[in-house]
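> okay, here's the prediction I keep looking at, along with the sequence it came from:
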Amino acid sequence: MTRVIFLADMESFYASVEIASNPALKGKPVVVCGDPKLRHGIALAANKEAKACGITTGMPAWECKCQCPQVVFVRPRMGTYIEVSLAITNIFEQFSDKVMPYSIDEQFLDMTGCQELFGSPLEAARQINQKVLAETGIRCRIGIGENLLQAKMACDCFAKKSSEGIFQLTYANYPQLVWPLPIRSLFGVGSRMGRNFTNMGVLTIGSLARLPKEKLKYRWGINGEVLWLNSHGIDYATVQWETLKEHKGVGHSMTLPKDYRHRRELEVVLLELTEEVCRRARSIDKAGWVVHLSCRGESFDFPTGFSRQKKLPYASAITMDVYKYVLILLEAFWDGKPVRSVGLTLSGLVNANQLQLALFEDKVKQLNLSFTMDQIRKRFGTTSLFRASSLLAGSQLFARANKIGGHEA
């Protein structure tokens, strides 16, 4: 049986949610944007009217204003966006029992064998679009393919440009429709790989498809082989709809409201970051063997910073155990230049009950204390119990306490 896979993408999702909840915004250039006074005052989403003025996602608020003086800024409400995304998932589950969220505004549906219920793939897609629009006010675009890759390419390269918002790719029409596209249009080809291909004279997806697979595999390993397969519309992945997946790591990152230039400020915010990452590990009863720290510099054009990891002597989810090695990485690799964003990941996860005992420290007591602190914060709020260092310069605890994903909830 030929597989039928949908990728449903919500048009300008954050902006569409705001317009649906406030019809007075309809027809106006709307940009969902963080606080322009802070670093995160950038466009998170823009509707079609704003895009027509040249506004793009990631553009600073001041530049948006220059591009379109009539722009209407709306502060993000991440909690609302999550609720709407879950409501859309519930709609999709009325059409398929195999739904896999890909991001907050993109979801895969395995519609194989559903023709007797909803008609052809195109007819089913139209029904889904109508129901999503009627119940949420959000316009949905759907790419249809015989695998996940084809559905993604159909959505990104064709459905988003279609008035109906629906497009179907198959193995039969893939070469005719996809091969003439620029190489950067191929899923998985970023700016760096795009430059590599351009330097090789590979300017279109078809040019890549005509190269020997062995040549790509020799140069880029498994990634080169995957890109060659993608250029032919081949993808062996399946829609994984199970909700419980094994965690490979837990992490957290943040863009700082200003350039951090002093080590003491970095130490404060990194302790808060370590606290959050360890809390997340404890929440799934895991401890980690490897800590990974990244610090990115202030300039996009001349990037500075580092991304390094270190193996711990024993798996841990105790904040101060992990923080000790975070400081070791900071000491070894920070070049003293201003830091724009920081990220921390704990990987090599094992069950938290696999605890390495210490001769001079009561690790069981420390872990139990950590769990108790987690419960207090869960019940009374993140700031109900905090370390004194969070009162020092550099702290982001109170500024981010009521935010989701770094934005207003």
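That came through fine. Residues are numbered from 1 along each chain as shown.
> and the strands in this protein?
Per DSSP state E, the chain carries strands over the ranges 5-10, 30-33, 43-46, 72-74, 99-103, 106-110, 140-145, 166-168, 249-260, 286-297, 305-316, 339-351, 403-404, 407-408.
> for G394, find the nearest of those.
strand 249-260 (6.5 Å; Cβ to Cβ). Where you see a C-beta, it was placed from the backbone N, CA and C, and this is true even at glycine.
> what's that closest one in contact with?
With contacts defined as Cβ atoms under 8 Å, 6 or more residues apart in numbering, strand 249-260 is touched by 38-40, 266, 269, 273, 276-277, 280-281, 284, 286, 288, 292, 294, 298, 338-349, 394, 396, 399-400, 406.
> ok, now which ones touch the nearest residue to G297 once chain neighbours are set aside?
Once flanking residues are discounted, G297 sits nearest to T304: 3.1 Å by Cβ to Cβ, 6 or more residues apart in numbering. Going by Cβ under 8 Å, 6+ apart, T304 touches R296, G297, E298, D335, K337.
> the second one - how many residues pack around it?
The number of residues packed around G297, counting by other Cβ atoms under 10 Å, is 17.
> so where's the stretch 101-250 of the chain shaky on pLDDT?
Low-confidence segments of the stretch 101-250 of the chain (pLDDT under 70): 241-247.
> please enumerate the helices of it.
Ranges of helices within the stretch 101-250 of the chain are 115-118, 121-136, 148-157, 174-178, 191-199, 205-209, 213-231, based on DSSP state H, counting those that start in this stretch.
> want to throw those into a markdown table with distance to V32 and mean neighbour count?
Converted to a markdown table, the helices of the stretch 101-250 of the chain look like this (distance: least, Cβ to Cβ, whole Å; neighbours: other Cβ atoms under 10 Å):
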| stretch | distance to V32 | mean neighbour count |
| --- | --- | --- |
| helix 115-118 | 33 | 12 |
| helix 121-136 | 16 | 17 |
| helix 148-157 | 21 | 25 |
| helix 174-178 | 32 | 17 |
| helix 191-199 | 25 | 13 |
| helix 205-209 | 32 | 20 |
| helix 213-231 | 31 | 16 |
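> among those, which comes closest to I328?
Minimum separation from I328 across the helices of the stretch 101-250 of the chain (Cβ to Cβ) falls at helix 191-199, 30.0 Å.
> which residues touch the closest one?
Residues outside helix 191-199 that contact it (Cβ under 8 Å, 6+ apart): I183, R184, V189, L203, S207, L208, L227.
> how much space separates the spatially closest residue to the first one that is not a sequence neighbour from A393?
This points to I183. Sequence neighbours aside, F197 is the residue nearest to I183 in space, at 4.9 Å (criterion: Cβ to Cβ, 6+ apart). F197 sits 46 Å away from A393, going by Cβ to Cβ, to the nearest Å.
> equivalent analysis for N351, please.
N351 is 38 Å from A393, by Cβ to Cβ.
> and what of K217?
With Cβ to Cβ as the criterion, K217 and A393 are 51 Å apart.
> cool, T170 as well?
59 Å.
> more neighbours: the two, which one.
Set T170 next to A393 and count neighbours by other Cβ under 10 Å: T170 wins out with 16 against 10.
> pretty sure that one contacts A151?
No - applying Cβ atoms under 8 Å, one finds T170 not in contact with A151, separated by 10.9 Å.
> what touches both of these two?
G145.
> low-confidence ranges in the stretch 251-400 of the chain?
Scanning the stretch 251-400 of the chain for pLDDT under 70 picks out 298-303, 353-362.
> so V268 touches S389, yeah?
Yes - between V268 and S389 there is a contact under Cβ under 8 Å: 5.2 Å.
> more neighbours, the two?
Taking other Cβ under 10 Å, V268 and S389 do not tie; V268 has more neighbours (22 against 16).
> OK, contacts around the closest residue to A154 other than its chain neighbours?
Leaving aside its sequence neighbours, A154 sits nearest to G143 (Cβ to Cβ, 6+ apart; 3.3 Å). Shown in contact with G143 (Cβ under 8 Å, 6+ apart): 6-7, 9, 150-156, 158-159, 167-169.
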